[in-house]
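> My questions are about this predicted structure, shown below with the sequence.
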Amino acid sequence: MISSLGFSSGFPTKLEGIGRRTHRFSSRLNILFGPNGSGKSTMLSTMAQLTGCGGGGWSDAAVATQLHYKAEIAWDGQPVFFQDFVSDSDTSFLRTGYLESNAFLRSKGEKRIGLINEIVNSFESRFPTYKLPIDIRPTLLLDEVDNHLGLAAQSFFWNDLIGALSKKYQLILATHSIFPILLRRDSSLRKDQVIVMIEDYDRVCMRELSKAIDYYNKVNGSPPAPKSPAI
């Protein structure tokens, strides 16, 4: 498990979402939420490099990459997995011909949810959750895992998949999705699990979403009130 990360010199300290403070992480779910340039990917990449999985995949080699800036990590040595879903958005472990033989997976968005399911399957094959000892808690570093997913798929991802994974893994994820903000009072997605990189950025996003919904209702009419059940 990774419990903290701090930067003391170099370009990350100049990013508003990072600075020189120590960033602490819970043992279950940590969501880095913020605009482009706030430091989300830099934090994930740094943790990956310091734990030996900077090129992606598992940290089996545990050979840290030499950084061009100073950063310190508190890590207990448990396995870490890193996937950059922005740079490696088309990287797949699917067998050759899988997409061609399944037409419904050919589009970019559907291919992506297929990739996510595939990544989850690889976690399960490496560390079957029903066999994972309580004292082993691998860390998953996922950079914009929901990139290119449609709203319906994002809702499924944040409602169902994340809660299940966080029962056995420490998750540190970066996202632009509004769903963690919308759902963060849900029992599986608490408010303290969302790390807002820029002060009030979550409020700005919610305000803009509210304005868009108000405009939609104004143009299309308010949605009808639900009917009372027949007696």
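Sure, I can see it.
> distance of Phe157 from Thr175?
10 Å (CB to CB, to the nearest Å). (Glycine included, C-beta is placed from N, CA and C.)
> so the residue most central in space within the chain, which of the three states?
The chain has Leu173 as the residue nearest its centroid, 2.7 Å off, counting by CA atoms, centre = their mean. With DSSP: H, G, I helix; E, B strand; the rest coil as the basis, Leu173 sits in strand.
> burial count for the residue nearest to it when sequence neighbours are not counted?
In space, and not counting its chain neighbours, Leu173 is closest to Leu142: 4.7 Å by CB to CB, 6 or more residues apart in numbering. Number of residues near Leu142 (other CB atoms under 10 Å) recorded here: 21.
> and Leu142, that one's in a strand?
Yes: according to three-state DSSP, Leu142 belongs to a strand.
> hang on, the earlier thing: test my guess that the residue nearest to the centre of the chain contacts Phe33.
No: taking contacts as CB atoms under 8 Å, Leu173 lies outside contact range of Phe33: 9.2 Å.
> re the thing from before, could I get the contacting residues of the residue nearest to Leu173?
Leu44, Gln83, Phe85, Leu171, Ile172, Leu173, Ala174 (CB atoms under 8 Å, 6 or more residues apart in numbering).
> what bridges to it?
Residues in a beta bridge with Leu142, per DSSP bridges, are Gln83, Leu173.
> Please, where are all the strands along the protein?
2-9, 22-24, 29-33, 57-58, 70-75, 80-84, 139-143, 170-175, 194-196 (DSSP state E).
> Show me what the third one is in contact with.
Contacts of strand 29-33 with the rest of the structure, by CB under 8 Å, 6+ apart, involve 17, 40, 43-44, 162, 166, 170-176, 180-181, 189, 193-197, 201-202.
> What average pLDDT does it get?
For strand 29-33, mean pLDDT rounds to 94.
> pLDDT weak spots in the chain?
61-62, 86-112, 187-188, 222-231 (pLDDT under 70).
> please redo it, this time with the cut-off set to 50
Along the chain, the model assigns pLDDT under 50 to residues 231.
> Thank you, goodbye.
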